[in-house]
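**Student:** Need a 3D model of the sequence below.
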Amino acid sequence: MLPLRPAAMLAALGLFLAPLPSADAFGPPPRPPIQQSAEAKLLGEFARFAALSDGTVGIGVRDLQTGETQALNGDTLFPMASAYKVAVAGRIFALIDAGKLRIDDQLALDPALASEGGIAWMFSRPGATLPVQRLLELMLTKSDNNATDVLVARGGGPQAVTAFVTGLGIKGLEVDSDTAHLLYRAMGINPQSGSFRANVEAARRADPQIAVRDARDLPNPAFVIDPRDTSTPTAMLDLLTAYDSGRALSADSTQRLFAIMGHCETGKARIPGMLPPGTAVAHKTGSMNGIGNDVGVVRLPDGRRFAIAVFVMKDSRGHTSRDRIIAEATRAAYDYFLYAPDRAHGRSHAA
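**Tutor:** Just a heads-up that it's a prediction; the model follows:
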């Protein structure tokens, strides 16, 4: 065996005396088996609930204290439907925080913004106005499309809403339309000049399939593959997290936003559907033919909170099935975050 040369000896000595790399150099420590088992069970439950649909299901949940995120199809784009109104509300509250709008300002009900249902009848009254607070309540608790489009217009249009979201560093959520034009695309209508109702009625006469889709609650294949007005479950979690952390809005605006969402009147069989009575939930639904969504924040008995976003698209089995998927996923997440062992800070996993 040849003796080591001096340079080689010094190099060997340096390696011997060098400090060992820390555990962080090899990544986070392995999760305890019991934690891995709990995560696998949750993701398995998500997959089992998703099988209740003949479409595509996306589920994202996040512990708002640790940042731990679990997801199924978390990076898949889904049509938001009315869940996009959570982003609209953020844009409006941001304007309030900037002093460019007041919560008690009266906004004109422009007849050009009237669509169907809700407070559409009010738009025919000359000079009719409603305060911002009431419009936010109508948008978030009753999902009123007319109130929404007044707020979208006052917020600077869909692009301004998207700019608000992207300004928070969030990718994967885009608002491209007000509600009237979102509905036009969902129905496959190219609107002409005239009222929303007149355009819809003319399109239904020209294409009987529009009425068939409505009657059977069937998806429009062209709409569900359109990337406009979509979000991934993870991006929606990011938006809810930005609100909850106080990073997006002032403390007063954050409190107002979640207080209004806490009185949501739609989707009682969705996020709240299988939770223990009295569980505090702030959420917003979205529904269209073949589409059922719900996003929000749930409070656990010990005061901790988790965010959840569930999207279902391309589904032809009906709203009852979609509601059940959302309710089951929420309850599974509730039990996981409440009872699972301590988890590493910030850990995320997706299937």
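**Student:** Buried residues of the helix or strand hosting residue 48, list them for me.
**Tutor:** Assignment of secondary structure by DSSP states H and E places residue 48 within helix 33-50. Neighbour-count burial for helix 33-50 flags 35, 38-39, 42-43, 45-46, 49-50 (criterion: 16 or more other CB atoms under 10 Å). Any C-beta I mention is one placed from the backbone N, CA and C, and that applies to glycine too.
**Student:** Next: stretch 72-92.
**Tutor:** For stretch 72-92, a neighbour-count test (16+ other CB under 10 Å) marks 72-74, 76-92 as buried.
**Student:** what do you get for stretch 181-190?
**Tutor:** Residues 181-187, 189 are the ones in stretch 181-190 that count as buried (16+ other CB under 10 Å).
**Student:** Please apply the same query to stretch 204-213.
**Tutor:** 204, 210, 213.
**Student:** Likewise for stretch 233-247?
**Tutor:** Residues 233-244 are the ones in stretch 233-247 that count as buried (16+ other CB under 10 Å).
**Student:** Throw those residues into TSV and include secondary structure and distance to residue 316, thanks.
**Tutor:** Below are these laid out as TSV (DSSP: H, G, I helix; E, B strand; the rest coil; distance: CB to CB, whole Å):
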residue	secondary structure	distance to residue 316
233	helix	21
234	helix	26
235	helix	26
236	helix	24
237	helix	27
238	helix	30
239	helix	29
240	helix	29
241	helix	33
242	helix	34
243	helix	33
244	helix	35
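**Student:** could I get the residues you listed as a markdown table with pLDDT and distance to residue 102?
**Tutor:** Below are the buried residues of stretch 233-247 laid out as a markdown table (pLDDT from 0 to 100; distance: CB to CB, whole Å):
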| residue | pLDDT | distance to residue 102 |
| --- | --- | --- |
| 233 | 98 | 34 |
| 234 | 98 | 34 |
| 235 | 98 | 30 |
| 236 | 98 | 28 |
| 237 | 98 | 30 |
| 238 | 98 | 28 |
| 239 | 98 | 24 |
| 240 | 98 | 25 |
| 241 | 98 | 27 |
| 242 | 98 | 23 |
| 243 | 98 | 20 |
| 244 | 98 | 24 |
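**Student:** Run a quick check on residue 234 versus residue 74, I expect a contact.
**Tutor:** Yes - counting by CB atoms under 8 Å, residue 74 is a contact partner of residue 234 at 4.4 Å.
**Student:** if we can go back for a sec, just send the buried residues of stretch 181-190 back as TSV, with distance to residue 275 too.
**Tutor:** Formatted as TSV, the buried residues of stretch 181-190 follow (distance: CB to CB, whole Å):
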residue	distance to residue 275
181	35
182	29
183	31
184	36
185	34
186	30
187	34
189	38
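**Student:** Filter those down to just the ones in helices.
**Tutor:** 181-187 (DSSP state H).
**Student:** okay, the angle between the helix or strand where residue 329 lies and helix 33-50?
**Tutor:** For residue 329, the element it lies in under DSSP H and E is helix 319-339. Per axes from the mean of the first three to the mean of the last three CA atoms, to 10 degrees, the angle that helix 319-339 makes with helix 33-50 is 170 degrees.
**Student:** what's helix 319-339 packed up against?
**Tutor:** helix 33-50, strand 56-63, strand 291-299, strand 305-313 (3 or more CB pairs under 8 Å, 6 or more residues apart in numbering; DSSP states H and E).
**Student:** for the ones you listed, which one sits closest to residue 163?
**Tutor:** strand 291-299 (20.3 Å; CB to CB).
**Student:** the inter-axis angle of the closest one versus helix 319-339?
**Tutor:** Using the same axes, to 10 degrees: strand 291-299 against helix 319-339 is 20 degrees.
**Student:** Run the chain-centre distance for strand 291-299.
**Tutor:** 7 Å (CA atoms, centre = their mean, to the nearest Å).
**Student:** same thing with stretch 178-194?
**Tutor:** Chain-centre distance of stretch 178-194: 22 Å, with CA atoms, centre = their mean.
**Student:** What mean pLDDT does that stretch get?
**Tutor:** Averaging pLDDT along stretch 178-194 yields 91.
**Student:** what does that stretch contact?
**Tutor:** By CB atoms under 8 Å, 6 or more residues apart in numbering, the list of residues contacting stretch 178-194 from outside reads 79, 81-82, 84, 113, 115, 145, 148-149, 152-153, 157-158, 177, 196, 199-200, 202-203, 207, 210, 213-214, 220, 222-223, 226, 228-229, 288-289.
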